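Enquirer: Provided below for reference: sequence and predicted model.
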Amino acid sequence: MSITSIQFIGIFVVMANSGAGLHILLPHFPGTQFESHTSAIQFSPDQVTDVSWPGIKACETNPALQCAPVNVETITFSGAIDPSPADVIGSMSHLSCCCNAMADILPKYKDPNASGKLSAHIFVKQGVAEAIRDSSGRTDTWVTMHSSSPAGITLIANAKTSSSFKIVFKPGAQFTIQNSPVMTATAATPTPRSHFLAYYLMGTGTGTSTCTSVPSGVAECAPSQASCAALKKQIAKPPKPRAVAADALLQHDVGPDCTNSHFP
């Protein structure tokens, strides 16, 4: 049996999918101050046995790695033998607990079949999902999947054009799915803390889009004006994923601002 580890870095919304695993939204924000956020699957080419994903190129931050662009595809996994995850283990901030309660998520982000959708939709039907806080205060979601097949885990995407493509990872592979801003000399880049405000553009509810408070992950679910890193220090550190080792190759360019969140 082998373990494949997937690290979700950046702006993702994690939701329980009615007892059938997790539904993870990877949003895009065209026409806003957050439109420079791009999304990609980042992996080491020696951990892949087959790939038909279009547009793969060397990662800008580490040319030894490959980056497969993610737009608004629906993404699933095959090859895992785990049961379905009921929820994320550990504490994440909740988008429903901001200054003006986020009542729901707009269909163009939440509905994988919406016209003009602005999210990639990732369905995790098997595996163990954990919220992991690093030393900077950033929280990522780690998913570990066990497989008994020598083929390992396959990541499958279905695009709007009805075409499909895949990446087949070797048993024991580790890779990231990430959403991070492209930094250019001419781009007007939001301050690190303000990246979290992109979440509020996704929500319904009076005044949600103008929220400036950081949503809470603590039991009382009260909003906080504290910085994201300071808020995370209030949350007990969740357990490390089983058999996950840090891989120095998997570099990324996301700052220490808050990242993954839960809804509701």
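Expert: Cool, the structure landed. Residues are numbered from 1 along each chain as shown.
Enquirer: contacts and neighbour counts: CA atoms only from here.
Expert: Fine.
Enquirer: Next, please give the residue ranges for the helices of the stretch 1-150 of the chain.
Expert: Under the criterion DSSP state H, counting those that start in this stretch, the stretch 1-150 of the chain contains helices at 107-110.
Enquirer: what about it, any weak spots by pLDDT?
Expert: Applying pLDDT under 70 to the stretch 1-150 of the chain flags residues 99-101, 136.
Enquirer: what about 80?
Expert: 96-102, 134-138 (pLDDT under 80).
Enquirer: who's in contact with Ala58?
Expert: Going by CA atoms under 8 Å, 6 or more residues apart in numbering, Ala58 touches 64-67.
Enquirer: how about a cut-off of 6 Å?
Expert: 65-67 (CA atoms under 6 Å, 6 or more residues apart in numbering).
Enquirer: Give me the distance between the two termini of stretch 125-138.
Expert: Criterion CA to CA, to the nearest Å; first-to-last residue distance in stretch 125-138 is 25 Å.
Enquirer: Give me the pLDDT for the nearest residue to Leu95 once chain neighbours are set aside.
Expert: Nearest residue to Leu95 in three dimensions, chain neighbours excluded: Phe263, at 5.5 Å (CA to CA, 6 or more residues apart in numbering). Looking at Phe263, its pLDDT is 87.
Enquirer: What is the neighbour count of Phe263?
Expert: 18 (other CA atoms under 10 Å).
Enquirer: now do Ser180
Expert: Applying other CA under 10 Å, I find that Ser180 has 20 neighbouring residues.
Enquirer: how would you label it: helix, strand or coil?
Expert: strand (DSSP: H, G, I helix; E, B strand; the rest coil).
Enquirer: Filter the contacts of Ala58 down to the buried ones.
Expert: The neighbour-count test (16 or more other CA atoms under 10 Å) marks 65-67 as buried among those.
Enquirer: Among the residues you listed, which one sits closest to Lys160?
Expert: Among the buried ones among the contacts of Ala58, Cys67 lies closest to Lys160 (CA to CA), at 20.5 Å.
Enquirer: Contacts only, for the closest one.
Expert: 40-42, 56-59.
Enquirer: can you check Gly10 too?
Expert: With CA under 6 Å, 6+ apart, Gly10 has these contacts: 178-180, 259.
Enquirer: And for Gln178?
Expert: 8-10, 39-40.
Enquirer: Format those as JSON lines; extra columns: distance to Thr210.
Expert: Listed next are those as JSON lines, based on distance: CA to CA, whole Å:
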{"residue": "Phe8", "distance to Thr210": "26"}
{"residue": "Ile9", "distance to Thr210": "24"}
{"residue": "Gly10", "distance to Thr210": "21"}
{"residue": "Ser39", "distance to Thr210": "25"}
{"residue": "Ala40", "distance to Thr210": "28"}
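Enquirer: Show me which of these is closest to Ala80.
Expert: Phe8 (17.8 Å).
Enquirer: wait, that closest one sits on Thr141?
Expert: Yes - between Phe8 and Thr141 there is a contact at 5.1 Å, judged by CA atoms under 6 Å.
Enquirer: about what we covered before: list buried members of the contacts of Cys67 by neighbour count.
Expert: 40-42, 58-59.
Enquirer: Among the contacts of Ala58, pick out the one closest to Pro30, please.
Expert: The closest of these, once distances to Pro30 are taken by CA to CA, is Cys67, at 20.7 Å.
Enquirer: Now do the contacts for the nearest residue to that closest one once chain neighbours are set aside.
Expert: Distance criterion CA to CA, 6+ apart; nearest residue to Cys67, sequence neighbours excluded, is Gln42 at 4.6 Å. Residues near Gln42 by CA under 6 Å, 6+ apart: 66-67, 175-176.
Enquirer: Make a markdown table out of those residues and add distance to His146.
Expert: A markdown table is the format used below for the contacts of Gln42 (distance: CA to CA, whole Å):
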| residue | distance to His146 |
| --- | --- |
| Gln66 | 23 |
| Cys67 | 24 |
| Phe175 | 15 |
| Thr176 | 17 |
